[in-house]
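Colleague: structure, please.
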Amino acid sequence: MVGVMTLTALVQAFYERMGLHTGVFRGYSPTGKPVQWLGAALFHGKSGVISSLWVLGDLAGLDSVLEQNSAAQHGAPGDTENPRT
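Modeller: As a prediction, this is how the structure comes out:
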């Protein structure tokens, strides 16, 4: 968790996800390299219960990391010819 902000019935959380790329993910073959991306979640509460949730993730940033890792695995840096399976 990167940060949390509470406004009355609204809670906003910022997070960073991390993991190792060990299987096909978003169409990219596994590289065994670390991946990470940022995101945020917005929770709305009513009567002490979460009534709605909206989650955002930086998927463009995630795809960029996957593409860079794939290019490094399969050729020269920046060589992204057919990095996906």
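Colleague: the protein: strands as residue ranges?
Modeller: For the chain, the strands defined by DSSP state E cover 3-7, 10-20, 34-46, 49-57.
Colleague: and the third one, what does it pack against?
Modeller: In other words, strand 34-46. Where contact means 3 or more CB pairs under 8 Å, 6 or more residues apart in numbering; DSSP states H and E, strand 34-46 is packed against strand 10-20, strand 49-57, helix 59-74. Heads up, the C-betas are built off the backbone N, CA and C, glycines and all.
Colleague: return the most buried member of the ones you listed.
Modeller: Highest mean neighbour count among the helices and strands packed on strand 34-46 (mean count of other CB atoms under 10 Å): helix 59-74, with a mean of 16.
Colleague: helices and strands around that helix, which ones?
Modeller: Using 3+ CB pairs under 8 Å, 6+ apart: helix 59-74 touches strand 34-46.
Colleague: which other residues reach the strand it packs on?
Modeller: For strand 34-46, contacts defined as CB atoms under 8 Å, 6 or more residues apart in numbering pick out 2, 9-21, 25, 50-59, 61-62, 65-66, 69.
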